[in-house]
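Student: Got a predicted model here, sequence first, then my questions.
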Amino acid sequence: MQWSLILLFLMAQCCFIDCQLYQFHYIKENKNWTEAQQYCREKHTDLATPTNMKDMKRLINISAGDQRESWIGLISKREFTRTWHWSLPGVEFSESETNWVKREPNDKGNQISENCGILNKNMSWEDTSCTNPSAFLCYDETNKTHKYHLIKDMKTWQEAQSYCREKHTDLISGTKQRQDEEVKKLMKSSDSIAHFGLFRDNWRWSDGSSFSFRHWNNDFNSQQENSHRCAATGVGGGRWKTDACILDKPFIGYDVFFAVDNVILVKQKMTWEDALTYCRDHHHDLVTITNMDDQRWIQKKVKNASTPFVWTGLRYTCTLDFWFWVSDEVVIYKNWAKGEPMDDCDMSGAMETRGKHKWRKKNDLEEFNFLCTKD
């Protein structure tokens, strides 16, 4: 069974026995955000990346008794572009599946930032200011008869999100939900537009993951000043607030559990081809990384390497002009460093053993440690 399939099996089991593939750690030392990030990367995996309300409950529990705000792994920088997300955790936004009204999104001619989505009676999208009150659409995971609810109370986008998460599951999110006949009937019977789960921001997770989960406090829009570029989880249900990154606070990191340790780090220095031969002779193959969970597991391993990079099973073919995994997996998930890869012959993929553990193309003749998958 391939490692990625084993991971999927484990995650499926977790749905039934409530296990976790990662563990949060509350560190009481006061550090600024950058120092906290460095500490977590050296001693754990990274600053915490909570991905849903269940994670938030775990964060609240481990810091119980300490009423101070704590850094988490969310940061905003001026050079980050605003990116659209869905409110419901696990639903990925795709530019190819949008339904914008003509000339939307438009930011009101760049005069007002419009970072939230509203749905009109024709099921088309428009952008709006997140502070504009509107009716809204909730999704209910537990109600099989009526999964969707049009709430006519006028609320801001963030208030609508909080309402849906408290009384249902979340704001409706994703193409599948938006196209549901029940949603179409609700909108046709309404005389108004409605908030739904579309929003954009320029916040990024320290570990490079693309999770869209946000749990801001109600003052987020008013307090996002130029100096407030880092996120902390605070008192009052663990709501997040923005703050100046230079301030000292306790912080929360996380570790990945190696529930099935199917990867071995070989600390010998070899060229890429010699590493491939070694893995196939002594174990199974050079490692394949197909998703963020694979990435998280592996970057924990590579911290023990003696070289600045480790070889993976990622290879470039000059003849066919594309990157591929030697295990025959298609390269869908990617974690390249900025500017990489500029395709070139005699190149293979290596992972950084420090920093953000990004992928980089390296000449096959360079010698690094490497990662093998076991039989």
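Tutor: Received the coordinates, thanks.

Student: ok, how many other residues are close to the nearest residue to residue 39 once chain neighbours are set aside?
Tutor: Counting by C-beta to C-beta, 6 or more residues apart in numbering, residue 39 lies nearest to residue 31, which is 6.4 Å off, once chain neighbours are set aside. Every C-beta, even on glycine, is put in place using the N, C-alpha and C of the backbone. Using other C-beta atoms under 10 Å, the number of residues around residue 31 comes to 18.

Student: so residue 31 makes contact with residue 246?
Tutor: No: taking contacts as C-beta atoms under 8 Å, residue 31 lies outside contact range of residue 246: 10.6 Å.

Student: With residue 333 as the reference, measure out to the closest residue to residue 375 other than its chain neighbours.
Tutor: Leaving aside its chain neighbours, residue 375 sits nearest to residue 284 (4.9 Å; criterion: C-beta to C-beta, 6+ apart). Separation of residue 284 from residue 333 (C-beta to C-beta, to the nearest Å) stands at 20 Å.

Student: likewise residue 240?
Tutor: With distances taken as C-beta to C-beta, residue 240 is found 27 Å from residue 333.

Student: Compare these two and say which is more crowded by neighbours.
Tutor: Taking neighbours as other C-beta under 10 Å, residue 240 and residue 333 compare with residue 240 leading, 20 against 13.

Student: wait, that one sits on residue 218?
Tutor: No: using C-beta under 8 Å, residue 240 makes no contact with residue 218, being 11.0 Å away.

Student: Give the rounded mean pLDDT of the helix or strand containing residue 279.
Tutor: Secondary structure assigned from DSSP states H and E places residue 279 in helix 272-282. Helix 272-282 shows a mean pLDDT of 95.

Student: Show me what counts as buried in it.
Tutor: Residues 272, 274, 275, 276, 278, 279 are the ones in helix 272-282 that count as buried (16 or more other C-beta atoms under 10 Å).

Student: strands paired with the helix or strand just after that helix, and their directions?
Tutor: Taking DSSP H and E as the definition, the helix or strand that follows helix 272-282 towards the C-terminus is strand 285-286. In the sheet containing strand 285-286, the strands it pairs with under DSSP bridges are strand 368-373 (antiparallel).

Student: which residues touch residue 218?
Tutor: Residues near residue 218 by C-beta atoms under 8 Å, 6 or more residues apart in numbering: 158, 159, 162, 239.

Student: got a list of contacts for stretch 150-170?
Tutor: Under the criterion C-beta under 8 Å, 6+ apart, residues 53, 87-89, 116, 128, 130-143, 149, 171, 186-187, 189-190, 192, 194-195, 197, 199, 216, 218, 220-221 lie in contact with stretch 150-170.

Student: Give me the distance from that stretch to the chain's centre.
Tutor: When distances are taken as C-alpha atoms, centre = their mean, to the nearest Å, stretch 150-170 is centred 23 Å away from the chain's centroid.

Student: Likewise for stretch 128-137?
Tutor: With C-alpha atoms, centre = their mean as the basis, the distance from the averaged C-alpha position of stretch 128-137 to the chain average is 25 Å.

Student: Tell me which stretches of the stretch 101-250 of the chain form strands.
Tutor: Per DSSP state E, counting those that start in this stretch, the stretch 101-250 of the chain carries strands over the ranges 116-119, 125-128, 134-139, 148-155, 170-171, 194-201, 203-205, 228-233, 240-244, 249-256.

Student: For residue 204, grab the count of nearby residues.
Tutor: For residue 204, the count of nearby residues is 16 (other C-beta under 10 Å).

Student: hang on, the earlier thing: most widely separated two among the contacts of residue 218?
Tutor: 159 and 239 (12.9 Å; C-beta to C-beta).

Student: sorry, back to before: for ChimeraX, write a command that selects the buried ones of the contacts of stretch 150-170.
Tutor: To isolate the buried subset of these in ChimeraX, counting by 16+ other C-beta under 10 Å, use the following:
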select :53,87,88,89,116,128,130,132,134,135,136,137,138,139,140,149,171,186,187,190,194,195,197,199,216,220
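
Student: what ranges of the stretch 101-250 of the chain fall below the confidence cut-off?
Tutor: Along the stretch 101-250 of the chain, the parts satisfying pLDDT under 70 run over 109-112, 219-226, 235-236.

Student: The same query, at a cut-off of 90, please.
Tutor: Judged against pLDDT under 90, the low-scoring parts of the stretch 101-250 of the chain cover residues 102-113, 121-122, 141-147, 174-182, 184-192, 207-211, 217-228, 234-238.

Student: contacting residues for residue 70?
Tutor: Shown in contact with residue 70 (C-beta under 8 Å, 6+ apart): 26, 59, 63, 232, 233, 234, 249, 250, 251, 252.

Student: wait, the fourth one sits on residue 73?
Tutor: No: in this structure, residue 232 sits apart from residue 73 without contact. The criterion is C-beta under 8 Å, and the distance is 10.8 Å.

Student: ok, and for stretch 51-58, which residues are buried?
Tutor: Residues of stretch 51-58 classed as buried: 51, 53, 55, 56, 58 (neighbour count, 16+ other C-beta under 10 Å).

Student: So which of the residues you listed is the closest to residue 212?
Tutor: Relative to residue 212, the closest of the buried residues of stretch 51-58 is residue 51; by C-beta to C-beta it sits at 8.9 Å.

Student: That closest one: which element?
Tutor: Secondary structure assigned from DSSP H and E places residue 51 in neither a helix nor a strand.
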